[in-house]
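>>> Can you look at this prediction? I've put the sequence above it.
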Amino acid sequence: MESRKLQLLNYTVRNYIKTAQPVGSNLLLKKSGLNLSSATIRNDLMDLENSGYIYQPYTSAGRVPTEQGYKFWINSFLKEKELRKNKKQFLKDIKRRFKKDKEKSVKEIAKAIASMSKAAVIVGFSRDSIYYTGISYLFSQPEFKNYKLIRAISEVVDDLEKSVPDLFDKIEKNKIMTLVGSDNPFSDKCSALVVSFDKNGLFSLLGPLRMNYEENRAIISFLKKII
């Protein structure tokens with residue numbers, strides 16, 4: 001892909017993650033930092049759309065990343081960030097407060113991470129012991145104004161005893177898995193970050209396709225160190 005199209009895609013994804021608003025060519029012209037004409041930007045956006053990386057949700061709207069676009073962006077542009085010190089300390093304090101009860105500690109950390117990320121957290125202590133929290137945070141995201149989507153995710157939550165055990169077979173020890181859309185066993189309308197802990201534990205952060213991947217990976221990376 002040409003360099004300028006890469007940069008336009010990068011800006012489109014980052015801006016949509018931040019604002020949840022379709023990204024128009026006029027905004028890209030003003031904010032992308034690329035010295036391009038409006039005609040060139042429109043043509044490049046059309047090429048990116050034809051290649052399956054972005055789409056227009058309705059006529060005359062700006063562009064929104066597709067599942068393919070998110071996956072390409074994650075592989076090409078995602079930066080590994082360090083979690084902010086105050087958030088690290090907050091999670092450490094929870095672990096210290098409940099150090100005598102590992103399961104309680106993980107559940108309290110899960111609640112804190114759900115609040116930090118505004119996403120749902122699903123914990124598998126084993127294939128038969130599943131805990132979840134933060135569903136209300138997930139449903140507060142703009143994507144979930146759609147009643148059908150809320151109902152679909154609610155059905156996923158009701159069926160966690162089927163989807164979580166399948167993840168135990170796929171998880172790679174000590175590696176953060178990023179499961180986008182159709183790769184996500186919980187829902188193809190969401191993305192999940194999944195990591196193992198202890199011998200039989202599994203910790204998953206579930207958010208919209210538009211989730212803040214860099215910030216959430218920073219959270220999960222730190223979690224992996226302390227849990």
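Arrived safely. Numbers count the residues shown, from 1 in each chain.

>>> so what's residue 14 up against?
residue 77 (CB atoms under 8 Å, 6 or more residues apart in numbering). The C-beta positions use only the backbone N, C-alpha and C, and glycine is treated the same way.

>>> typo on my end, residue 82
residue 218.

>>> can you check residue 52 too?
66, 68-69.

>>> Now do it against residue 37, distance only.
25 Å (CB to CB, to the nearest Å).

>>> For residue 112, give me the pLDDT.
Residue-level confidence at residue 112 comes out at 98, pLDDT.

>>> Quick check, pLDDT for the residue lying closest to residue 143 once chain neighbours are set aside.
Spatial nearest neighbour of residue 143, excluding adjacent residues (CB to CB, 6 or more residues apart in numbering): residue 208 at 4.6 Å. At residue 208, the model reports a pLDDT of 94.

>>> Residue 208 reaches residue 190, doesn't it?
Yes - at 5.9 Å, residue 208 and residue 190 qualify as touching, with contact defined as CB atoms under 8 Å.

>>> Need the residues touching each of these two.
What both residue 208 and residue 190 touch, as defined by CB under 8 Å, 6+ apart, is the set residue 138.

>>> For these two, indicate the residue with more neighbours.
residue 190 (26 against 21; other CB atoms under 10 Å).

>>> Tell me the spacing between the more buried one and residue 26.
30 Å.

>>> wait, residue 121 sits on residue 112?
No - the criterion here is CB under 8 Å, and residue 121 misses it with residue 112 at 9.2 Å.

>>> Of these two, give the one with the bigger neighbour count.
Using other CB under 10 Å as the criterion, residue 121 and residue 112 rank with residue 121 on top: 30 against 20.
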